[in-house]
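[1] Structure here, sequence nowhere to be found:
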DNA sequence: GGCCGTCTGGATTGTCCAGTCCAATTTCGT
DNA sequence: ACGAAATTGGACTGGACAATCCAGACGGCC
């Protein structure tokens, strides 16, 4: 469960695994920067310093490499949001998470989209396998967010009418839409606004919107 | 102002304009379906039933054609949302607009992204001109939304603390993020949820959330 | 140390594709 | 009508690119 790529790497020697990793990392970088279609295998070979036979030794064809890249980027994205993603169960936690995401954007000067989302956007209608893999990645992401909101709900911090599952979807949509607007306008503000708006909404659905007093230390 | 493509079409005879239009429409369809990089000019020539010399007579190169496609799709998208987009100044109007957008998704069976947004996602980092044109299209879109919300605000329907400009950005982000999630999951629900959530939030910022009674017919 | 499977080098092939060119035909202005 | 400009046909070029192939080098295991 921890290493979803196990089926593809067993039977490989340590050296082989290293080469494979090098190829995937190089391909991921190039595809993040230029998109899948504009990344040639020659580029990947050069950047990873491998030959054709190496590429085709580890991957059936380009689309198999793309699959590996999707898997790689999913791990990168999810692990890059830790530990925030594991406990999005309060308004301050959501705000902190938002700031981390916005920080990533700023570091990139608003270049590039979401490492997963932009792959999905490019491939969803041409490569069913890729679409399914991106969908699986998004489901994991969404699940993490949802768990935090459900915890708030169960703890009684959210009003009974609030739907944590829907709010999780709305948050993820705000991330994706916000990233896109920020990428196109080359300005991090739209992403901030998109996320702040949904978090504000969640805060309005909070039972004690502010100045929550600690009533008992027991527990 | 109504015809932003004027600079590119004057000096053309009616026949020429028709040919040019045919090329752009064919290219727009293909690029919407397969993306820009996966749409070859041979495909465009065949679909529009024109020869190489015609293509290069009307467009400098592929990226000039892409510019024309962006312009074309911007008009398609904005005009396709009329008359809703021109008066998004009440909660019911926002709900109705949402349903139109979701209906578009369903008609396409959740295939394809936003005709503008997906071009932006693919081109933002490789073609500055394209990025700027998509940005301009988004600004027009955002402005329409914002005008409706500002009208609500000025009329006193929105609380004084509400920021119509930010809410417009959040709505547009919800549209884009929702489309992406729906495209990847092949399910219109995420888009519905994303838009409903932001509209719910706007409703909470409404002065009289519900059962608004007509108090006076004078005006 | 010697065998076998893993790993690597690099030339090659066939296809696709953006862009060019020259010549022919049609349309417009007057 | 008639010259000029716009429009069209279609072959051609040079390069990029995914994928194949044949050897040869390396490394683990008995």
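    Good, I have the coordinates. Please read all numbers here as calculations on a predicted model, not as lab measurements.
[2] Check the residue sitting nearest the centre point of chain A and give its pLDDT.
    Nearest to the geometric centre of chain A sits residue A:77, at 3.9 Å (CA atoms, centre = their mean). Reported pLDDT at residue A:77 in the predicted model: 98.
[3] and the helix or strand that contains it, is it in reach of DNA strand D?
    In the assignment (DSSP states H and E), residue A:77 maps to helix A:62-80. Yes. Helix A:62-80 reaches DNA strand D (CB under 7 Å from any atom of the strand) through A:62-63. Backbone N, C-alpha and C define where each C-beta goes, glycine included.
[4] residue in chain A nearest to DNA strand C?
    Going by CB to the nearest atom of the strand, DNA strand C is nearest to residue A:16 of chain A, at 1.9 Å.
[5] Before we go further, that residue is sitting in a helix, right?
    Yes. Judged by DSSP: H, G, I helix; E, B strand; the rest coil, residue A:16 forms part of a helix.
[6] ok, how many other residues are close to it?
    14 (other CB atoms under 10 Å in any protein chain shown).
[7] Tell me the spacing between the residue lying closest to it once chain neighbours are set aside and residue A:76.
    Closest residue to residue A:16 apart from its sequence neighbours, by CB to CB, 6 or more residues apart in numbering or on different chains: residue A:58 at 7.5 Å. Distance, residue A:58 to residue A:76, using CB to CB, to the nearest Å: 19 Å.
[8] And the two? Which one has more around it.
    residue A:58 (22 against 15).
[9] mind listing what that one touches?
    Neighbouring residues of residue A:58 by CB atoms under 8 Å, 6 or more residues apart in numbering or on different chains: A:16, A:19-20, A:23.
[10] wait, isn't residue A:47 in contact with residue A:30?
    Yes. The pair residue A:47 and residue A:30 qualifies as a contact (CB atoms under 8 Å) at a distance of 6.1 Å.
[11] The helix holding residue A:77: which residues count as buried?
    Going by neighbour count (16 or more other CB atoms under 10 Å in any protein chain shown), the buried part of helix A:62-80 is A:62, A:65-74, A:77-78.
[12] I'd like the next helix or strand past that helix.
    Sequence-wise, the next helix or strand downstream of helix A:62-80 (DSSP H and E) is helix A:91-107.
[13] the inter-axis angle of that following helix versus helix A:62-80?
    If you take axes from the mean of the first three to the mean of the last three CA atoms, to 10 degrees, helix A:91-107 sits at 130 degrees to helix A:62-80.
[14] is helix A:91-107 up against chain B anywhere?
    No. Helix A:91-107 lies apart from chain B when judged by CB under 8 Å from any CB of the partner chain; the minimum separation is 12.9 Å.
[15] Which other helices and strands does that helix contact?
    helix A:164-185, helix A:189-204 (3 or more CB pairs under 8 Å, 6 or more residues apart in numbering or on different chains; DSSP states H and E).
[16] will you turn those into a markdown table that also has mean neighbour count?
    Listed next are the helices and strands packed on helix A:91-107 as a markdown table, based on neighbours: other CB atoms under 10 Å in any protein chain shown:
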| stretch | mean neighbour count |
| --- | --- |
| helix A:164-185 | 27 |
| helix A:189-204 | 22 |
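[17] Just want to know which of residue A:47 and residue A:30 has more residues nearby.
    residue A:30 (20 against 16).
[18] is it true that the more buried one touches residue A:48?
    No. Using CB under 8 Å, residue A:30 is not in contact with residue A:48, being 9.3 Å away.
[19] where does chain A have low pLDDT?
    Applying pLDDT under 70 to chain A picks out residues A:1-8, A:208-219.
[20] Try it again at 50.
    A:1-6, A:209, A:212-219 (pLDDT under 50).
[21] between the biggest helix by length in it and helix A:164-185, how many degrees?
    What stands out as the longest helix in chain A, according to DSSP state H, is helix A:128-155. With the same axes, to 10 degrees as the basis, helix A:128-155 and helix A:164-185 are set at 130 degrees to each other.
[22] For helix A:128-155, which residues meet the burial criterion?
    Buried residues in helix A:128-155, counted by 16+ other CB under 10 Å: A:130-135, A:137-138, A:141-142, A:144-153.
[23] what sits against the residue lying closest to residue A:49 once chain neighbours are set aside?
    Nearest residue to residue A:49, sequence neighbours excluded (CB to CB, 6+ apart): residue A:22, at 7.5 Å. Contacts for residue A:22 (CB under 8 Å, 6+ apart) come out as A:48-50.
[24] Contact residues of chain A facing DNA strand D?
    Counting by CB under 7 Å from any atom of the strand, the residues of chain A close to DNA strand D are A:13-15, A:39-43, A:52-53, A:56, A:61-63.
[25] who wins for most neighbours among the residues you listed?
    residue A:39 (24 neighbours).
[26] what about the residue nearest to that residue when sequence neighbours are not counted, helix or strand, and which?
    In space, and not counting its chain neighbours, residue A:39 is closest to residue A:30: 4.4 Å by CB to CB, 6+ apart. If you go by DSSP H and E, residue A:30 is part of helix A:14-34.
[27] quick one: residue A:12 from residue A:21, how far?
    Applying CB to CB to residue A:12 and residue A:21 gives a distance of 10 Å.
[28] go on, residue A:168?
    Applying CB to CB, the value for residue A:168 to residue A:21 is 32 Å.
[29] I figured residue A:157 hits residue A:90, correct?
    Yes. Contact criterion CB under 8 Å: residue A:157 and residue A:90 qualify, at 7.2 Å.
[30] Looking at the two, which has the bigger crowd around it?
    residue A:157 (19 against 16).
[31] so who does the more buried one touch?
    Counting by CB under 8 Å, 6+ apart, residue A:157 touches A:89-90, A:206-208.
[32] biggest separation within these, which pair?
    A:89 and A:208 (14.8 Å; CB to CB).
[33] And these two? Which one has more around it.
    Between residue A:89 and residue A:208, counting by other CB under 10 Å, residue A:89 is the more crowded of the two (18 against 9).
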